[in-house]
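Trainee: show me the folded form of this:
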Amino acid sequence: MLNQLDILIESKKEHQIDILSESKFVFETEVNAINLVKEALDESFVRIVELISNCTGKVIVTGMGKPGHVSRKIAATMSSLGTSSFFLHPAEALHGDLGMISANDIVIAISYSGESEEITKILPNIKLIGATLIGISGNQNSSLVKYSDYSFVFPKFKEACSMNLAPTSSTTVEMVLGDALAVCLSKIYGFHERNYALYHPAGSLGKKLLVKVSDIMHTGNKNAVVKTGTKLNDAIIEMSTKAIGIINILNEKNELIGVFTDGDLRRTFTREVNVYNLSVDDVMIKTPLYIDSDMLAVDALKMMNDHNISALPVIRNNKLVGTVRVNDILGVGIFI
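Mentor: Numbers count the residues shown, from 1 in each chain. The predicted structure is shown next:
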């Protein structure tokens, strides 16, 4: 008598497939669906984009099941590209979350069949609230399309599922249509990299466009500074205490007149000099590179990479205010 494991093994033997062929079929089916929808884009899509671009309220995206997951992603993409948007779960909407909708809002409802129960139940209330309803569906005769003020109906295509049942191609085209909406709207708004960075401060691009040298430089007691005429041995002590690889030398007016780095120190020792007989003036770099405190950290990093140096003095209004190192910039997640 076969046990459960034997039954599973026998079942697998009966359903052997060519995995690569099946996978390519899924790709081909979904790419075909995308191309069909691309060719079906018309003035109804243009009107939807223009309507959203002129919205004075919020853009709310709703869907149930797999289209619900897609709706959540569409709302997130719109928000990150400048269209204030959020996802509303239709089941929660039936229990009070409809209060999130106002008359000057736009609701985008996504249902491929256009008959998802949770969606159809909230449609009358959306109309009563006075919000504008946009329906995205694959069924021209659906309740969703009939209730909608504006709609986009997908052309007929096959799901990639072997039974032509599970949402596969349909959720893909919903996702791509949402991306098209978000990208077109961002271009209408004149959305650019600095806007994107503002909404993505933790991302790499956000840091590159927002983090300034002044945000990460070493200042005050953490900055290595000595005055002109300081004995080299005392300067070495200051450098080792602050451990930032560079010491800044100032004149009597507290103006930067030179720097001395740990690399300079190693080269000095190769000459077998007596550190007690020298001052920093004898060994410092007298025309040092420096950067302004308002410079973006990524530009400072490029400058240091170009000149093969690991630290730079930071100046504001011709006065030394700090030091920044390559490691400080890399440490906050900025790379080039």
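Trainee: just the strands from the stretch 1-150 of the chain, written as ranges.
Mentor: 59-63, 85-87, 106-110, 132-137, 150-153 (DSSP state E, counting those that start in this stretch).
Trainee: Lys286 is nearest to which of the ones you listed?
Mentor: Smallest distance to Lys286 across these (CB to CB): 57.1 Å, for strand 85-87. To be clear about C-beta, it is placed using only N, CA and C from the backbone, and glycine gets the same treatment.
Trainee: so for the closest one, what gets flagged as buried?
Mentor: For strand 85-87, burial by neighbour count (16 or more other CB atoms under 10 Å) applies to 85, 87.
Trainee: of all the strands of the stretch 1-150 of the chain, which one is nearest Tyr290?
Mentor: Proximity to Tyr290 (CB to CB) singles out strand 85-87 among these, at 44.7 Å.
Trainee: so which elements touch the closest one?
Mentor: Contacts defined by 3 or more CB pairs under 8 Å, 6 or more residues apart in numbering; DSSP states H and E place strand 85-87 against strand 59-63, helix 66-80.
Trainee: Pro124: neighbour count?
Mentor: Neighbours of Pro124 under the rule other CB atoms under 10 Å: 10.
Trainee: how about Leu177?
Mentor: 22.
Trainee: which other residues reach the helix or strand that it is a member of?
Mentor: Counting by DSSP states H and E, the element that carries Leu177 is helix 169-189. Helix 169-189 is contacted by residues 29-30, 32-34, 37, 41, 45, 48-49, 52-53, 61, 63, 66-67, 69-71, 73-74, 77-78, 81-83, 110, 112, 136, 138, 152, 154, 157-160 when judged by CB atoms under 8 Å, 6 or more residues apart in numbering.
Trainee: state the distance from Gly96 to Asn125.
Mentor: Distance, Gly96 to Asn125, by CB to CB, to the nearest Å: 11 Å.
Trainee: more neighbours, these two?
Mentor: Shown here are Gly96 and Asn125; by other CB under 10 Å, Asn125 has more neighbours (13 against 8).
Trainee: for that one, which non-adjacent residue is closest in space?
Mentor: Leu98 (5.4 Å; CB to CB, 6 or more residues apart in numbering).
Trainee: thought the one you found was touching Pro124?
Mentor: No. Taking contacts as CB atoms under 8 Å, Leu98 lies outside contact range of Pro124: 10.6 Å.
Trainee: what's the end-to-end length of stretch 315-328?
Mentor: Start-to-end span of stretch 315-328 (CA to CA, to the nearest Å) is 17 Å.
Trainee: report pLDDT for the nearest residue to Gly258 once chain neighbours are set aside.
Mentor: Sequence neighbours aside, Met284 is the residue nearest to Gly258 in space, at 3.4 Å (criterion: CB to CB, 6+ apart). Met284 carries a pLDDT value of 95.
Trainee: for Met284, grab the count of nearby residues.
Mentor: Neighbour count for Met284, taken as other CB under 10 Å: 22.
Trainee: could I get the full set of helices for the stretch 1-150 of the chain?
Mentor: With DSSP state H, counting those that start in this stretch as the criterion, the stretch 1-150 of the chain has helices at 4-14, 19-40, 43-53, 66-80, 90-93, 117-129, 143-147.
Trainee: would you reformat the strands of the stretch 1-150 of the chain as TSV and include distance to Ala182 and mean pLDDT?
Mentor: As requested, these are exported to TSV (distance: least, CB to CB, whole Å; pLDDT from 0 to 100):
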stretch	distance to Ala182	mean pLDDT
strand 59-63	10	98
strand 85-87	9	97
strand 106-110	11	98
strand 132-137	14	98
strand 150-153	15	98
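Trainee: re the thing from before, tell me which of the helices and strands packed on strand 85-87 is the most buried.
Mentor: Across the helices and strands packed on strand 85-87, averaging neighbours per residue (mean count of other CB atoms under 10 Å) puts strand 59-63 on top, at a mean of 27.
Trainee: put the alpha carbons of that strand into PDB.
Mentor: Extracted C-alpha coordinates of strand 59-63, given in PDB (Å, rounded to 0.1, in the frame of the first residue of the first chain):
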ATOM      1  CA  VAL A  59      -6.000  60.000  -5.400                       C
ATOM      2  CA  ILE A  60      -7.200  56.800  -3.800                       C
ATOM      3  CA  VAL A  61      -6.600  53.400  -5.400                       C
ATOM      4  CA  THR A  62      -8.700  50.400  -4.400                       C
ATOM      5  CA  GLY A  63      -8.900  46.800  -5.500                       C
END
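Trainee: got the contact list for that strand?
Mentor: Residues from elsewhere that reach strand 59-63, judged by CB under 8 Å, 6+ apart: 52, 68-72, 74-75, 78, 83-90, 93, 100-101, 105-111, 116, 119, 122, 131, 174, 178.
Trainee: in the helix holding Leu177, what counts as buried?
Mentor: Buried-residue list, helix 169-189, by 16+ other CB under 10 Å: 169-178, 181-182, 184-186.
Trainee: past that helix, which element shows up next along the chain?
Mentor: With DSSP H and E, the next secondary element past helix 169-189 is helix 193-199.
Trainee: for the residue nearest to Gly258, what are phi and psi?
Mentor: Note on Met284: its backbone torsions stand at phi -70, psi 160 [degrees, to the nearest 10].
Trainee: next one: the one 4 residues further on
Mentor: The phi and psi torsions at Pro288 (degrees, to the nearest 10) take the values phi -70, psi 150.
Trainee: sounds good, over and out.
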